[in-house]
Structures are given as structure tokens and as C-alpha cells.
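Student: Need a 3D model of the sequence below.
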Amino acid sequence: MTASVQTIPFVNLALAFIPVFVVAGILYRWTADGHNTIYAVFRMLVQLLLIGYFLIFIFESDSAWVVLAVLVVMLCTSSWISLRTIRSDRWLLYKKAFLAITLGGGLTLLLVTQGVLGLDPWYMPRYLIPLAGMIFANAMNSVSLGGERLTAEMARDVPYEKARSIAFRASLIPITNSLFAVGLVSLPGMMTGQILSGVSPLIAARYQIMVMCMVFASAGISSACFLKFLEPPERDNCRN
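Tutor: Sure, this is the predicted structure:
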């Protein structure tokens, strides 16, 4: 089975932004706050175009130090973005988010790349960086949802244990929905990309199973760690 990926001309690519601006227009009309969406779309465009060129450099460098530096940047950035919905004590919570994503995402990435795939060398950027991106992004979203929900519940004077349970379940809603929908409603990104590249759907399915396991695990472990790190210290005093 052989096929080549069709190159998308920039003129054609511009058509994809039409429904995006429709949503931004609705958001502005209903909430008078469409500026943040436009800014996010603009950042996405610039970041993806730049990373396309940057990845070429990374793949050709074949350097473990370069790959490690990229992973550190991804960790630091995802940890900061995960706190976007939490306005108070953001700097104070940053180290907790960083540690949570490092534990949940880092350990999952290590297991997948060195255990499941057995990369040789271990830092193969063509595999390691895209997988790290998927893992850290899902961990980031889960931490963000869990932290925001925990903050909201505790602001309503809900006890920590109950608020933590509610927040943890909420943080896993997107990835759990994906588990239910995959193969029936959607063909996820990695599987679609491999099929478009000419890979057998049976082989692509194996990779996608690995991806779904790793994103669910990284999201769940990172969220659980972050919520545990947010445990009020006064609870320990009450036990004594």
C-alpha cells in the first residue's frame, strides 16, 4: 500500500480559516470577547509554521541534548498554560503543575518510547518529540480542567476530598469521551496521518491504541498528582 501525502497550497489552506472566523464572530457577538480567540488562532498559525522549520533542524541535528532541551521547553510551557484558568497564586502553583506534568507525562513518555517502541537511539526526535507533544498537551489540559474545577468547588465550601473527586472526574471528561468515540466517531490524528501516508490501517490502529493509552494515562496521573499537591495543609493539622 503506497501513497503520497497531498501538499496543501497556502491559498487552499486559507479556506480552513473561514469557519474559524465564523465561530470568533459568534463569540464576539454573544460575549463581546472574541479578541482572545483571534489571538489564539494567530498564535497557532505562527507557532505551527515556525515549528515546521524548527523540526527540520531538530531531525537533522540528531543530538540528544537538542531533544532534551525541546522536552524541557515543552514541559515548562505546558505547565504555565495549564494554569491559564487559575488566576490566583499562579506563580506559586507553577512548580506544582510542572512536577505533576513531569511525573504523569514524563513517566508515560519514558514507558512508551523505551518500553513499547524501544527507540534506538532512545532520543529519536522523529518519534520522541511528536509523542511528547501529545502526552504533555493532554496532561496540560487535564491539569487545567482539574485545577479550575477544584478551585471552583472549594470556593463553594465543598470539602477537599469531595471537591477533589469532582475535579478529577471533570478533568478526564475530554479524554474519556475520546476513548468512547475513537473508531466510531473519529479517526484520531496519528492514525489518520499514517493512513494518509500509506501505512496499513491495521498497523496504524496499533499505534493509535498505544497513543490512546498514553494520553489517558498521562492525563489521569498528572491531574491526580496536581490535585493531591493542592491539598490544603491545614488538614494535616486537624489530624494531630
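
Student: rounded to a whole number, what's the mean pLDDT of the strand or helix carrying R164?
Tutor: Using DSSP states H and E, R164 sits in helix 160-171. On average, the pLDDT along helix 160-171 is 94.

Student: quick one: the helices in the protein?
Tutor: Taking DSSP state H as the test, the helices found in the chain are 10-14, 17-31, 35-61, 64-81, 90-101, 107-110, 125-155, 160-171, 173-181, 189-196, 201-229, 234-239.

Student: With respect to V116, which of those helices lies nearest?
Tutor: Within the helices of the chain, the stretch nearest V116 is helix 201-229; the backing value is 5.7 Å (C-beta to C-beta). C-beta: built from backbone N, CA, C; applies to glycine.

Student: returning to what we had before: give me the buried stretch members for the helix holding R164, please.
Tutor: Buried residues in helix 160-171, counting neighbours by 16 or more other C-beta atoms under 10 Å, are found at 160, 163-164, 166-168, 170-171.

Student: Over to stretch 93-101?
Tutor: Within stretch 93-101, the residues scored as buried using 16+ other C-beta under 10 Å are 93, 96-101.

Student: Tabulate the residues you listed (CSV), appending pLDDT and distance to L107.
Tutor: What follows is the buried residues of stretch 93-101, written out as CSV (pLDDT from 0 to 100; distance: C-beta to C-beta, whole Å):
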residue, pLDDT, distance to L107
L93, 89, 21
K96, 93, 17
A97, 94, 16
F98, 95, 14
L99, 95, 12
A100, 96, 11
I101, 96, 11
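
Student: Please identify which two of the residues you listed are farthest apart in space.
Tutor: L93 and I101 (12.1 Å).

Student: circling back to that earlier point, mean neighbour count, the helices of the chain: which tops it?
Tutor: The highest mean neighbour count among the helices of the chain, using mean count of other C-beta atoms under 10 Å, belongs to helix 125-155: a mean of 22.
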